[in-house]
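*Asks:* The sequence and its predicted three-dimensional model are supplied below.
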Amino acid sequence: MSTATIATPDVAQLGEVAAWVVREMSGAADYLQIFAESTLAVSVESMAGAATATFADLREGLGCLALRDGRWRYLAVPPGQADRLADWAGTRPTNIGPTWSSCPDTAAFKPSDPATWQAEENGSDPIRALEIFTHRRYAVADTDGNAYAGATQTLRRCVEADVEVSGRRYSGRSRWLRQGPTATGAQWSAQELVQTALRHALDSCAAAVHGKHRTPVVFGPSAAAGFLHELLGHALEADNFQLDSPYIRALRQSRALPTALVIRDDPAVENGYGSYPADDEGHAAAAATLMADGEIGSPLTSMRTAQRGGHRRTANARRTDFRSPAIPRASNTVVLPGTEDPKLLLEDQDSGVLHVGCLGAGMIYLGTGEFSFAALDCHYVTPDGHRIPARDVSLVGNALEALTRLEGIGSDFGGDNVTCGKQGQLIGIGLYSPSIRYAALDWSAA
Amino acid sequence: MRQLESRCEEAFAIVDALEGCLRSDERVFAHFARTSRRRLRIDSAGGKQLAVQRGEFGGYVRFDRSGRELYLNARALSADGADRLIEAGRAVVSFGSPRSSTTDQALYEGSWRNRDGQVELEKVASDPTPLMAALAEGAGPDFTVRSLTVSEVLREQVCADGTGPRGHSLCRGVSVAAVVSADENGEAACLDRYAADLDRIDAVALGHELALTAAAFGPATGTFTGHSIGFLPSAAAQLLRALTTTILSHPISTPEPLITAVVDDGRAVDGCFARAFDCEGTPTSAMDLVTRHGEQQAVATRVGTVEGTARRAPRAPTGHAVWEAHRFQPQPGASNVRLIPGGMAPDFRNGESCLVVDVRNLGVAELRAGGQLAFRLLAVRVVDGRPAGAYAPVVIEGEAADFLAALTAVGETASYSDGPFAVGGAPLTMDLARLSRGTRPGSERRPSSSSGQGRG
């Protein structure tokens, strides 16, 4: 596993800007950290074979985190306004700083012809396709002498297919992601993405399981990581962990957590949406254990939360862009495979099994561990092995109880890329896992 | 005390700076908006704190060259940054989509505001007693008002079509938020009311709703088994927000007669998002999103349409474009949504009722494969207006049209709630028995398969 770093002269320039600001303002605070960013994200959207909208997001500026008189403060300014930072910090730059780098280059990105997204089969249904290319360049420097400058390139493709039956519309989705200098040249198939999205939409049309149920639930590869990211990953982010809520206390003290489960946060997964060479405070990427041997690991930290809680510093300080301070976030949640045949996990002679292909969205209340999630691409597998599509599934329950009901880890493995929100900041994360079975969860379907 | 004033000239200066960067074959349309607040917090001991948030203009620039256009995110853009933004646009304009026809789009020109004058926070700061007393009266003797926050909110937006029409819209209002609990260690409830001015907020009703909400947060003492359920205004607003979001991605296909209509009023005086035009500069107006016949009306932006029932589509933009940078282009959305009163006005002060205080949406509407919604309701048993124990949470499911058809009474809108768009909260009653497909509480526990819908 590796994460590709792209070094260009402009990245070095950003590093010089960050280092210069730290030098100029170093006397103004007990600690200073400068985050310099120059990112260009371009998205191209097409619908039914025609280009519909193009969007460019230039994210450029400096974020300054300062500790003075025991108080942390944060200010973000656009390029060329380092003097505003100096005013804010109560100092004055003595030199003219290095010039800001040019706009990030997107020449490697060539959007697909909109006709590429027309379905070769079932061609009458409208397909919405989105290609997002992000060239992110960032540099960090602080008064402790830490410095880092690097860049990443990410290409993500998302497809949404709508099918209409009796005036009702049903949708299905698929997505693809590559990271690094070869992302734009990587092999991919538009038709594979289109057909996957269409298949999910058609399954939704054909859904035939309704009402509320309690059965064994098997989360497929990557969906299982998504479930555990919500149940455990967020609880182990240091700012949440320090709340020491009844749920988090119970997690720390529980003797009933599954011993077979090994979960890691790994920012070095190849082509992971949450992969990076160093986090947004310049800390070199390294994996952290979230759970092993039936015990939770130490929390995921940023510089401040590690200091405040007395925890080990991990490479998990992340931010949407320079306008926000870095907070502890997951990178890629990775669950190690087990030994069980994934097909056998789907068998249940009594009540059948719900198979969850993708965890849509939802929430966990970290005070009590109560959760509710929407699940996509679901099937109910009957006791005699028939797969019946289930649409708009909601999963509700208590996280601690759910964890203690884990009863099987498959030998398969798969990954996905999703966006995750916290405190108004949306970031990309990767989800990697085998299939995992829980003995009984409450769910309902439309 | 510092005042909140319009700063639209700053936004127009950015537009001028953008114009100054353009070449002869280039043009821009810009939309910028900002929100600023003056917040006065008063604690139970009478201590006061004032905080002012200025709010920066942000929005988007539509950059157009030689028949191709693209959207440039312009969050917290300053005049100094105009050249770099245009430079970024030029670098990728070759990927731009063909320019959308604007022949049917009328652009707003001029200046509009929802009210005159300022909100008199100074009066509350000098004597908060009447407001505190009204809240306490509503909360009743068993509950205490822990804190009160009164905020003046100013939202303004500008749009400019190159050197053509320019529009400015200003919405000023006030929000009253309070925290109430039974005792210092008891569950606290925090709710707010918003209106164009303080005298349009019923603080006694807010105090009453706070007390009922705090009671519902306590340990459950029973399970609700009936069919008729009431919604307090804040919970009703949560429900209406989810229904509106859903119908904008999964329009109603099968109309059923309603006792109400869902109205989006862009210029509602008391709405948090009262505005004269949408993010594309199209004038706003009041429109039934869903009529009393249960039919959904179509809405349109320059580049997108949400078709109505029977696939009806408008010929021109309807004033419903909303800018959210993470959606990459203006999306069909809403401004200030409310339900029209209908049925017999709900009376929660007399007799016994089950009242919902909190509605949690189990999932995200945009990510649903169909139009199905599931909600987890927190409710309290109420006898003659006073709380008599929390109910265990209730989960209800159905499609947006099912929930609207299940409403048996809708009262007057008490307040609009803030969010991606404003939603009016009115007391409601609903007949859970009318929610379809057997997904009510207590339905089957074991999966049953039935024949699914085929593909047309």
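*Replies:* On my side now, so go ahead.

*Asks:* Can you name the residues bridging to the residue in the stretch 301-446 of chain A that chain B sits nearest to?
*Replies:* Distances between the stretch 301-446 of chain A and chain B by Cβ to the nearest Cβ are smallest at residue A:374, namely 2.8 Å. For every residue, glycine as well, the C-beta is placed using N, CA and C. Under DSSP bridges, the beta-bridge partners of residue A:374 are residue A:361, residue A:394.

*Asks:* Tell me what residue 265 is bridged to.
*Replies:* With no chain named, the answer covers chain A. Going by DSSP bridges, residue A:265 forms beta bridges with residue A:288, residue A:333.

*Asks:* right idea, wrong chain: chain B
*Replies:* residue B:286.

*Asks:* What of residue B:195?
*Replies:* Here residue B:195, judged by DSSP bridges, has bridge partners residue B:174.

*Asks:* cool, residue A:209 as well?
*Replies:* Applying DSSP bridges to residue A:209, the residues it is bridged with are residue B:449.

*Asks:* go on, residue A:54?
*Replies:* Beta-bridge partners of residue A:54, as defined by DSSP bridges: residue A:44.

*Asks:* That one: neighbour count?
*Replies:* 27 (other Cβ atoms under 10 Å in any protein chain shown).

*Asks:* got it, and residue B:85?
*Replies:* For residue B:85, the neighbour count with other Cβ under 10 Å is 24.

*Asks:* again, but for residue B:327
*Replies:* Other residues close to residue B:327 by other Cβ under 10 Å number 15.

*Asks:* Tell me how far it lies from residue B:420.
*Replies:* For residue B:327, the distance to residue B:420 equals 11 Å [Cβ to Cβ, to the nearest Å].

*Asks:* close enough to count as contact, the residue of the stretch 301-446 of chain A closest to chain B and residue A:392?
*Replies:* Yes. Residue A:374 is within contact range of residue A:392, at 7.0 Å (criterion: Cβ atoms under 8 Å).

*Asks:* What are the boundaries of the helices in chain A?
*Replies:* In order along the chain, chain A carries the following helices (DSSP state H): A:9-25, A:82-89, A:190-205, A:223-228, A:238-241, A:246-253, A:303-309, A:342-345, A:399-404.

*Asks:* Which one, of the ones you listed, ends up nearest to chain B?
*Replies:* Closest of these to chain B is helix A:190-205, at 3.8 Å (criterion: Cβ to the nearest Cβ).

*Asks:* list the buried ones in that closest one?
*Replies:* A:190, A:193-198, A:200-205 (16 or more other Cβ atoms under 10 Å in any protein chain shown).

*Asks:* which among those residues are in contact with chain B?
*Replies:* A:200-202, A:204-205 (Cβ under 8 Å from any Cβ of the partner chain).

*Asks:* Is it possible to get TSV of the residues you listed that adds pLDDT?
*Replies:* What follows is these, written out as TSV (pLDDT from 0 to 100):
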residue	pLDDT
A:200	94
A:201	93
A:202	92
A:204	91
A:205	90
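
*Asks:* need the residues you listed in TSV with distance to residue B:116, can you?
*Replies:* Converted to TSV, those look like this (distance: Cβ to Cβ, whole Å):
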residue	distance to residue B:116
A:200	53
A:201	51
A:202	56
A:204	51
A:205	54
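
*Asks:* returning to that earlier point: how near is the residue of the stretch 301-446 of chain A closest to chain B to residue B:362?
*Replies:* Counting by Cβ to Cβ, the gap from residue A:374 to residue B:362 is 7 Å.

*Asks:* Can you pull the residues that touch both of the two?
*Replies:* A:362, A:394 (Cβ atoms under 8 Å, 6 or more residues apart in numbering or on different chains).

*Asks:* Distance from the chain centre to the one helix or strand in chain A whose mean pLDDT sits lowest, please.
*Replies:* One helix or strand of chain A scores below all others by mean pLDDT, DSSP states H and E: helix A:82-89, with a mean of 82. Computed by Cα atoms, centre = their mean, to the nearest Å, the chain-centroid distance of helix A:82-89 equals 33 Å.
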